[in-house]
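A.B. asks: model the following, please.
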Amino acid sequence: MGGKIAYKEVKNRYNLLPHLRVDMRRTCFLIVLFAVGVTLGYGGDHTIGAAAQVEYDGNIKEIRLEAFQFGFSPDPVVVKKGDVVKLEITSRDVPHGVYIKEYNINVPVKKGESVKVKFLADKEGEFDIRCSVFCGSGHSRMRGRLVVSK
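C.D. replies: Numbering: from 1, shown residues only. Predicted structure coming up:
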């Protein structure tokens with residue numbers, strides 16, 4: 001008889017699941033929505049920071065940036081402070097990512113695809129361009145430079 005009571009207690013505890021099912025459905029929906037957003041956002045045009053908010057009449061610098069095992073071309077990428085930079089990023093060999101911390105840029109790119117990123121070069125200095133997608137044994141050494149001068 002004690003086993004039946006324990007069973008009923010466990011059963012009653014799990015009877016709360018119908019209330020949790022709503023939350024689980026909502027959570028699953030949000031996960032699927034996020035996955036679809038990531039998939040659709042994998043390629044395309046990404047506008048970052050101030051360039052997303054302002055129509056700019058100054059210099060527009062269009063640069064084709066190619067990622068490869070284990071570097072970037074051109075290296076360095078040289079622009080002037082105040083330029084609107086349009087990067088067209090491609091991968092020569094395997095999936096890569098382009099990560100520029102100071103400009104809040106982190107985009108993946110697959111081999112054979114092109115990803116466009118637009119941002120305002122409003123910070124002067126030299127900044128690391130790093131690969132944010134594991135691409136092989138030299139991944140940790142894969143770096144390029146973004147130089148923003150006066």
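A.B. asks: which residue ranges of this structure form strands?
C.D. replies: Per DSSP state E, the chain carries strands over the ranges 44-48, 60-68, 71-73, 77-80, 84-91, 96-100, 105-109, 114-120, 125-130, 143-149.
A.B. asks: winner for burial among these?
C.D. replies: strand 96-100 (a mean of 23; mean count of other CB atoms under 10 Å). Every residue, glycine included, has its C-beta placed from N, CA and C.
A.B. asks: just the angle for it relative to strand 105-109, thanks.
C.D. replies: Angle, strand 96-100 to strand 105-109, by axes from the mean of the first three to the mean of the last three CA atoms, to 10 degrees: 170 degrees.
A.B. asks: what helices or strands is strand 96-100 leaning on?
C.D. replies: strand 60-68, strand 105-109, strand 125-130 (3 or more CB pairs under 8 Å, 6 or more residues apart in numbering; DSSP states H and E).
A.B. asks: partner strands of the shortest one, with direction?
C.D. replies: For strand 105-109, the paired strands and their directions (DSSP bridges) are strand 96-100 (antiparallel).
A.B. asks: pLDDT on the partner strand, on average?
C.D. replies: Averaging pLDDT along strand 96-100 yields 96.
A.B. asks: ok, stretch 68-78 next?
C.D. replies: 94.
A.B. asks: still on that earlier bit, redo the strands of the chain as CSV? Include distance to Phe29.
C.D. replies: Listed next are these as CSV, based on distance: least, CB to CB, whole Å:
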stretch, distance to Phe29
strand 44-48, 24
strand 60-68, 34
strand 71-73, 38
strand 77-80, 40
strand 84-91, 32
strand 96-100, 28
strand 105-109, 24
strand 114-120, 27
strand 125-130, 34
strand 143-149, 39
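A.B. asks: determine which of the ones you listed approaches Ile31 most closely.
C.D. replies: strand 105-109 (19.0 Å; CB to CB).
A.B. asks: thank you kindly, that will do.
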